[in-house]
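Participant: give me coordinates for this.
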Amino acid sequence: MKYDLIVIGSGPGGYVAAVRAAELGKRVAVVERAEAGGVCLNWGCIPTKALVKSAQVYHYCHTAATYGVDIEGEVKPNIEKIVARSRGVSDLMQKGVLFLLKKHNIDLLQGFGSLKGAGVVDVDGVEYEADHILLATGARPREMAFMPIDGKHVISSREALVLDHLPEDMIIVGSGAIGSEFAWIYSTLGVKVTVVEYMPQLMPLEDEEVARAMERAFRKQRIGVMTSTTVKQVTVEDGRCKVEVEGKKGAETLTAEVVLSAVGVKSNIENLGLEAVGVEVERDKVKVDEFYRTSVAGVYAIGDIIATPALAHVASAEAVCCVEAMFGLNPEPIDYSVIPSCVYTTPEVASVGLTEKQAAEQIEGYKVGKYQFTASGKAAAAGDREGFVKLIFDKDERLVGAHMVGANVTEMLGEPTLAKALGATARQIARTIHSHPTLHEGIMEAAEEIVRGGE
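Facilitator: Predicted coordinates for the structure are as follows:
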């Protein structure tokens with residue numbers, strides 16, 4: 001049997017592409033060597049958020065007295081049960097993906113898929129034909145030569161999701177979303193955590209003001225933060241990790257029971273047969289055009305294996321765009337200047353568009369409107385007054401960037417993302433009635449600052 005489309009990989013890019021093609025009446029198969037749903041669902045976004053929730057509940061218990069609630073007896077985290085709940089959430093969501101594939105009559109081919117020739121995919125020795133082949137094989141934790149992962153003492157995010165005990169102390173190398181989230185989770189659960197970051201600021205991709213706020217929040221929680229610090233070597237001696245670093249204080253040696261390597265991801269492009277069929281690769285990424293066509297006719301690539309942001313929602317958007325272009329629907333290319341990004345720490349971080357530094361470099365006469373949650377009635381009632389909303393506008397007062405720190409700001413990000421995509425002005429945002437009391441009002445108030453400043 002010949003398929004209209006074979007997708008290699010069933011993550012948030014792969015399964016979304018398969019479902020969209022099936023909705024268009026196409027005969028589709030998905031190749032998957034591991035669990036349906038990919039890394040995001042099984043070993044990334046979803047199980048991590050389950051751990052975040054458990055840590056939040058534990059934190060609520062410890063701060064219950066602040067809200068007039070007395071808790072008698074000892075409250076302590078049970079890492080075995082916390083991990084079991086996290087895995088249960090992933091299993092539930094995986095079943096949801098399998099249901100979607102079955103509902104849309106998509107064949108699931110279990111095994112390792114690779115390109116065998118024009119329109120041919122090999123799955124563990126069995127060949128399948130298709131008019132179109134989409135590569136959506138994702139990525140894995142990057143391993144550095146100076147920090148070899150052994151899965152016990154030096155671990156990746158995968159092992160961090162299934163710890164069998166809470167270590168006494170942990171050093172996390174890298175402070176992007178993955179490193180920062182695990183830092184907050186395990187610090188909240190009682191582990192002594194130190195974050196080591198090569199770049200000058202925590203969360204290097206975020207706005208500088210956001211990074212400063214999060215560094216203060218981390219230090220308040222007694223998470224050690226070492227920025228502008230290079231890790232030279234990690235070794236294990238007598239069950240302890242020795243981490244040789246060089247930073248602002250010069251060279252020093254840190255020790256911890258566990259080191260978590262959170263230094264990014266590496267594309268899964270090995271052994272896919274790219275070279276054999278002539279798919280062009282540059283700097284570990286498959287080269288594609290605006291509709292994700294590779295250098296070989298009929299072969300496409302999306303997600304973490306191409307040079308776009310390695311985010312699940314980006315892969316899903318690319319999947320829809322790619323499939324619709326593939327089958328003649330003429331979609332608009334994705335606007336990568338409007339990609340929302342979230343970090344699920346406490347407080348949370350949410351952002352879209354230009355940082356203030358980028359705006360200063362690119363836009364003459366840019367404007368910034370801010371709102372501090374200390375002024376929010378909802379934040380005061382919730383006991384979460386930390387953080388702010390920061391909106392960045394161009395000289396015509398159109399939104400070009402939004403950056404938020406605070407409780408539940410990840411749930412607020414849709415509004416500024418849509419506003420930026422539609423070219424909304426400060427006045428349009430400010431004069432849109434927002435419900436009260438909500439944290440969302442902070443977006444209105446930050447925009448109002450620009451409006452009042454221009455009157």
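
Participant: quick one, strands of the stretch 1-150 of the chain?
Facilitator: Counting by DSSP state E, counting those that start in this stretch, the stretch 1-150 of the chain forms strands over residues 2-8, 28-32, 107-110, 113-117, 120-123, 126-135, 139-141, given from the N-terminal end onward.

Participant: tell me which residues in the first one are buried?
Facilitator: Along strand 2-8, the positions that meet the burial threshold by neighbour count (16 or more other Cβ atoms under 10 Å) are 3-8. No exception for glycine: its C-beta is placed from N, CA and C like everyone else's.

Participant: ok, now the shortest one?
Facilitator: Buried residues in strand 139-141, counted by 16+ other Cβ under 10 Å: 139-141.

Participant: the longest helix along the chain to strand 28-32, inter-axis angle?
Facilitator: Counting residues, the longest helix found in the chain (DSSP state H) is helix 79-103. Comparing the axes of helix 79-103 and strand 28-32 via axes from the mean of the first three to the mean of the last three Cα atoms, to 10 degrees yields an angle of 150 degrees.

Participant: packing partners for helix 79-103?
Facilitator: helix 14-23, helix 38-43, helix 45-62 (3 or more Cβ pairs under 8 Å, 6 or more residues apart in numbering; DSSP states H and E).

Participant: for it, the distance to its chain's centre please.
Facilitator: Taking Cα atoms, centre = their mean, to the nearest Å, the mean C-alpha location of helix 79-103 is offset from the chain mean by 19 Å.

Participant: wait, which of the buried residues of strand 139-141 is closest to residue 54?
Facilitator: For residue 54, the nearest member of the buried residues of strand 139-141 is residue 141. The distance, counting by Cβ to Cβ, is 22.0 Å.

Participant: check contacts around that closest one.
Facilitator: Listed by Cβ atoms under 8 Å, 6 or more residues apart in numbering, the contact partners of residue 141 are 149, 156-158, 261-262, 264-266.

Participant: run the last query once more with 10 Å
Facilitator: Taking Cβ atoms under 10 Å, 6 or more residues apart in numbering, we find residue 141 in contact with 39, 43-44, 149, 155-160, 178, 260-266.

Participant: one step back: want to try TSV for the strands of the stretch 1-150 of the chain, with mean pLDDT and distance to residue 20 as columns?
Facilitator: What follows is those, written out as TSV (pLDDT from 0 to 100; distance: least, Cβ to Cβ, whole Å):
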stretch	mean pLDDT	distance to residue 20
strand 2-8	98	10
strand 28-32	98	9
strand 107-110	98	16
strand 113-117	95	19
strand 120-123	97	19
strand 126-135	97	11
strand 139-141	96	22
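
Participant: for residue 416, find the nearest of those strands.
Facilitator: In terms of Cβ to Cβ, the element of the strands of the stretch 1-150 of the chain nearest to residue 416 is strand 139-141, at 27.7 Å.

Participant: parallel or antiparallel, which strands does the closest one pair with?
Facilitator: Listed by DSSP bridges, the sheet partners of strand 139-141 and their directions read strand 265-267 (antiparallel).

Participant: list the buried residues of the strand it pairs with.
Facilitator: So, applying 16+ other Cβ under 10 Å, buried residues of strand 265-267: 265, 267.

Participant: average pLDDT across it?
Facilitator: For strand 265-267, mean pLDDT is 96.

Participant: quick one: name whatever helix or strand follows that strand.
Facilitator: Using DSSP states H and E, the helix or strand that directly follows strand 265-267 along the chain is helix 274-277.

Participant: for the record, mean pLDDT for that following helix?
Facilitator: Per-residue scores along helix 274-277 average to 94.

Participant: can you pull the contacts of the closest residue to residue 229 other than its chain neighbours?
Facilitator: Spatial nearest neighbour of residue 229, excluding adjacent residues (Cβ to Cβ, 6 or more residues apart in numbering): residue 247 at 3.3 Å. Residues near residue 247 by Cβ under 10 Å, 6+ apart: 196-198, 226-231.

Participant: filter the residues you listed down to the buried ones, ChimeraX style.
Facilitator: Command for ChimeraX that selects the buried part of the contacts of residue 247, burial taken from 16+ other Cβ under 10 Å:
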select :196,197,198,226,227,229,231
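
Participant: ok, residue 242 - contacts?
Facilitator: Residues counted as contacts of residue 242 (Cβ under 10 Å, 6+ apart) are 233-236, 253-256, 259.

Participant: wait, which of the helices and strands packed on helix 79-103 is closest to residue 132?
Facilitator: The closest approach between residue 132 and any of the helices and strands packed on helix 79-103, judged by Cβ to Cβ, belongs to helix 14-23 at 8.4 Å.

Participant: the closest one: which residues count as buried?
Facilitator: Neighbour count says helix 14-23 has 14-22 buried, by 16+ other Cβ under 10 Å.

Participant: can you check stretch 437-449 too?
Facilitator: Result for stretch 437-449 [16+ other Cβ under 10 Å]: buried residues 438-449.

Participant: for residue 83, state which of these is nearest.
Facilitator: The nearest member of the buried residues of stretch 437-449 to residue 83, counting by Cβ to Cβ, is residue 439 at 30.9 Å.

Participant: number of residues surrounding the closest residue to the closest one other than its chain neighbours?
Facilitator: Spatially, and ignoring its direct neighbours in sequence, residue 439 is nearest to residue 378 (5.5 Å; Cβ to Cβ, 6+ apart). Using other Cβ atoms under 10 Å, residue 378 is surrounded by 19 other residues.

Participant: on that earlier part again, let's have the buried residues of helix 14-23 in CSV, adding pLDDT and distance to residue 358.
Facilitator: As requested, the buried residues of helix 14-23 are exported to CSV (pLDDT from 0 to 100; distance: Cβ to Cβ, whole Å):
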residue, pLDDT, distance to residue 358
14, 98, 32
15, 98, 33
16, 98, 29
17, 98, 31
18, 98, 36
19, 98, 35
20, 98, 33
21, 98, 36
22, 98, 40
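
Participant: distance of residue 391 from residue 322?
Facilitator: Distance of residue 391 to residue 322, given as Cβ to Cβ, to the nearest Å: 32 Å.

Participant: residue 169 bridge partners, please.
Facilitator: For residue 169, the residues forming beta bridges with it (DSSP bridges) are residue 192.

Participant: if I pick it, what's in contact with it?
Facilitator: For residue 169, the contact set (Cβ under 10 Å, 6+ apart) comprises 186, 191-194, 224, 240-241, 254-258.

Participant: any regions of this protein where pLDDT drops low?
Facilitator: 454-455 (pLDDT under 70).

Participant: now the helices for it?
Facilitator: With helices called from DSSP H, the chain shows them at 14-23, 38-43, 45-62, 79-103, 157-160, 177-188, 208-220, 274-277, 312-326, 356-362, 377-382, 414-422, 426-430, 441-453.
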